[in-house]
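Novice: Any chance you could fold what I've pasted below:
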Amino acid sequence: IAIIRVSGAEAVKISTKILTRKNFDIPGKLYLTNLIDSSGNILDKVLAVHFVKPKSYTGEDVFEIHTHGGIFIARLCLELLIENGAELAQPGEFTRRAFINGRIDLSQAEGVLGIIKAQSLEALKASARTLNGGLSEKIQEIHAEILKVQANFEINLDFPEGEIFDSNFDPAEEIFNIKIKLENLLQLCEAGMIFNSGVKITIAGRPNVGKSSLLNAILEKKRAIVTEIPGTTRDIISETILINSLPVILSDTAGLHETENIIEAEGVKLAMNSANESDLCLFVIDGSKKISDEELNLINSLKDRVIVVINKSDLVQAQEFNFDSQVHVSAKNHTGIDELKSAIYNKAVKTPASGGELNASAAQLRDIRESLALIKEARELAVNDSEPDIIAGLLNDSRVILMRVLGLDAGDELLDFMFNRFCVGK
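Specialist: From the prediction side, this is the model:
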């Protein structure tokens, strides 16, 4: 089926103009009726339902027409509605109206978008938890605690002649507890974002060490051309797979080496850029040969973002390798690939999925980090029992930033950016 949704004060009036049934007395009940054109010709047998405000997705009167799933009939239904006074919805407009009418907050709107874009079960679960208020509840709890501590400082500023903190109130301890809760929240949101957005991984290394063979082995299909001729891969080849519900975008790149060939040189440049911009790098070396100083320098430059893949483990190894993060594989024989996938997952996720991950946007993560930084600063001052006016200001700023996560002070520009990422009809 195809569902055409109309929201607003005129939803019922406009929708019933193109249906044979005019009476939809029972809200939420599906009625069988016919879709008709302006001449009364029956075009389709449809189901229709009316949701009365505020008990609808948008908080407004909503009318839905469920046609058969063909593209032509659904488009024709839309055209008939527009002819009778409806306007075509903009991307995310229904969810934006739900936010404006108080049906959901901004974090729950992010949950809707996360469900739409989810590529894995873990991402779907994280988004569902956010849609059901998981992030909102935690933010509101922390917000209330910051407000309580801030109020104590504000009172002392208003009455400087005497210390009037509650005898059981320890400012440094209270702020420390807020810090811990914000750190836990940030960890859940970061984990949720990883499962939602995925991890970008570049496969890098010198020519002919088996990078393309490794890509094919991980994907379990032949995606890249493999030959003994150096420089076969010049463009970046990318594929997405799931590793334990984690979306992983793998990019095979040109071999890193000096060359006078203009095309190869451009490929090497793209490879270096990809390695530097990715979340992780699989740096492949040939285990049957001694590692070069150039390879060591490249590995060290990637720091903690690298997993060294020691390929050709089926051959006699030229030396012992002792990198912080390394896996022995044979891309040719497909051995060690499961161990490599586990290493990718563990390095990307860092902490095992707890079942409490939450979906948050990059902007919301930035706000949570900013709020946490202010709380840490306030804690340092509180431990030294100094600058209560500055502490109060830091607490206030931290609290205001958390309100922004929920969209409580969101301006039109923020809302435009947020909801324009949605598809039309949601």
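Novice: On the three-state scheme, residue 44 is what?
Specialist: The three-state label given to residue 44 by DSSP: H, G, I helix; E, B strand; the rest coil is strand.
Novice: Surely it touches residue 68?
Specialist: Yes - between residue 44 and residue 68 a contact is recorded at 5.9 Å, counting by Cβ atoms under 8 Å. Yep, even glycine has a C-beta here, placed from its N, CA and C like the rest.
Novice: Which residues does the helix or strand encompassing residue 66 contact?
Specialist: With secondary structure defined by DSSP states H and E, residue 66 is part of strand 62-67. With contact meaning Cβ atoms under 8 Å, 6 or more residues apart in numbering, strand 62-67 is reached by 1-7, 11-12, 14-16, 18-19, 24, 30, 35, 44, 46-51, 53, 56, 73-74, 77.
Novice: same thing but at 7 Å, please
Specialist: By Cβ atoms under 7 Å, 6 or more residues apart in numbering, the surrounding residues in contact with strand 62-67 are 1-7, 11-12, 15, 35, 44, 46-51, 56, 73-74, 77.
Novice: So for residue 44 and residue 68, which sits in the more crowded spot?
Specialist: When residue 44 and residue 68 are compared for neighbours, residue 44 comes out ahead with 18 against 13, by other Cβ atoms under 10 Å.
Novice: Wasn't residue 204 part of a strand?
Specialist: Yes - when classified by three-state DSSP, residue 204 is found to be part of a strand.
Novice: That one touches residue 281, doesn't it?
Specialist: Yes - between residue 204 and residue 281 there is a contact at 5.5 Å, judged by Cβ atoms under 7 Å.
Novice: who touches both of the two?
Specialist: Listed as contacting both residue 204 and residue 281 by Cβ under 7 Å, 6+ apart are residue 275.
Novice: Could you pull out the buried residues of the lengthiest helix in the chain?
Specialist: The residue-count maximum for a helix in the chain (DSSP state H) belongs to helix 171-197. Neighbour-count burial for helix 171-197, with 16 or more other Cβ atoms under 10 Å as criterion, is recorded at 171-172, 174-176, 178-179, 181-182, 185-197.
Novice: Just give me the neighbour total for the nearest residue to residue 37 once chain neighbours are set aside.
Specialist: Beyond its immediate neighbours in the sequence, the residue positioned closest to residue 37 (Cβ to Cβ, 6 or more residues apart in numbering) is residue 43, lying 6.0 Å away. Residue 43: 15 surrounding residues under other Cβ under 10 Å.
Novice: Next, the contact list for residue 43, please.
Specialist: By Cβ under 7 Å, 6+ apart, the neighbours of residue 43 are 35, 36, 37, 73, 76.
Novice: Can you tell me how far it is from residue 102?
Specialist: Using Cβ to Cβ, to the nearest Å, residue 43 is found at 37 Å from residue 102.
Novice: Also residue 58?
Specialist: Taken as Cβ to Cβ, the span from residue 58 to residue 102 is 11 Å.
Novice: Look at the two and report which has more neighbours.
Specialist: Taking other Cβ under 10 Å, residue 58 and residue 102 do not tie; residue 58 has more neighbours (24 against 9).
Novice: wait, doesn't the more buried one sit right on residue 99?
Specialist: No - using Cβ under 7 Å, residue 58 makes no contact with residue 99, being 9.3 Å away.
Novice: pLDDT of the strand or helix carrying residue 72, averaged?
Specialist: Under the criterion of DSSP H and E, residue 72 resides in helix 71-83. The pLDDT scores in helix 71-83 average 95.
Novice: Pull the residues that contact it.
Specialist: When contacts are defined by Cβ under 7 Å, 6+ apart, helix 71-83 is touched by residues 2, 4, 6, 14-15, 18, 35, 37, 43-44, 65, 67, 88.
Novice: What is the least confident helix or strand in the protein?
Specialist: In the chain, the helix or strand scored least confidently by mean pLDDT, DSSP states H and E is helix 412-419, which has a mean of 58.
Novice: low pLDDT regions in the stretch 201-350 of the chain?
Specialist: 223-235, 257-268 (pLDDT under 70).
Novice: just so I have it, where are all the helices in it?
Specialist: 211-219, 262-277, 293-302, 337-349 (DSSP state H, counting those that start in this stretch).
Novice: Just list what the last one packs against, helices and strands only.
Specialist: With contacts defined as 3 or more Cβ pairs under 7 Å, 6 or more residues apart in numbering; DSSP states H and E, the secondary structure elements packing on helix 337-349 are helix 171-197, strand 237-243, strand 246-252, strand 280-286, strand 306-311, strand 326-328.
Novice: now the second one: how far from the chain's centre is it?
Specialist: In this view, strand 237-243 has its centroid 17 Å away from the chain centroid, taken as Cα atoms, centre = their mean, to the nearest Å.
Novice: As CSV, could you dump the C-alpha coordinates of it?
Specialist: Extracted C-alpha coordinates of strand 237-243, given in CSV (Å, rounded to 0.1, in the frame of the first residue of the first chain):
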residue,chain,number,x,y,z
ILE,A,237,37.0,1.2,-4.1
SER,A,238,34.5,1.4,-1.3
GLU,A,239,32.0,-1.2,0.0
THR,A,240,29.8,-1.4,3.2
ILE,A,241,29.5,-4.5,5.4
LEU,A,242,28.0,-5.2,8.8
ILE,A,243,30.3,-6.6,11.5
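Novice: Would you mind listing the buried residues in that strand?
Specialist: Within strand 237-243, the residues that count as buried by 16+ other Cβ under 10 Å are 237, 238, 239, 243.
Novice: how long is stretch 278-298 end to end?
Specialist: Start and end residues of stretch 278-298 are separated by 15 Å (Cα to Cα, to the nearest Å).
Novice: What of stretch 323-330?
Specialist: With Cα to Cα as the measure, stretch 323-330 spans 18 Å from end to end.
Novice: Residues contacting it, please?
Specialist: 214, 287, 306-314, 335-337, 339-340, 343, 347.
Novice: Kindly supply the ChimeraX command isolating those of those that are buried.
Specialist: Buried residues among those (16+ other Cβ under 10 Å), as a ChimeraX selection:
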select :214,287,306,307,308,309,310,311,312,313,336,337,340,343,347
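Novice: show me where pLDDT drops low in the stretch 51-200 of the chain?
Specialist: Applying pLDDT under 70 to the stretch 51-200 of the chain flags residues 156-168.
Novice: buried ones in stretch 96-110?
Specialist: Neighbour-count burial for stretch 96-110 [16+ other Cβ under 10 Å]: 96-99, 101, 103-110.
Novice: and those, which of them are in helices?
Specialist: Per DSSP H, the subset of the buried residues of stretch 96-110 in helices is 96, 97, 98, 99, 106, 107, 108, 109, 110.
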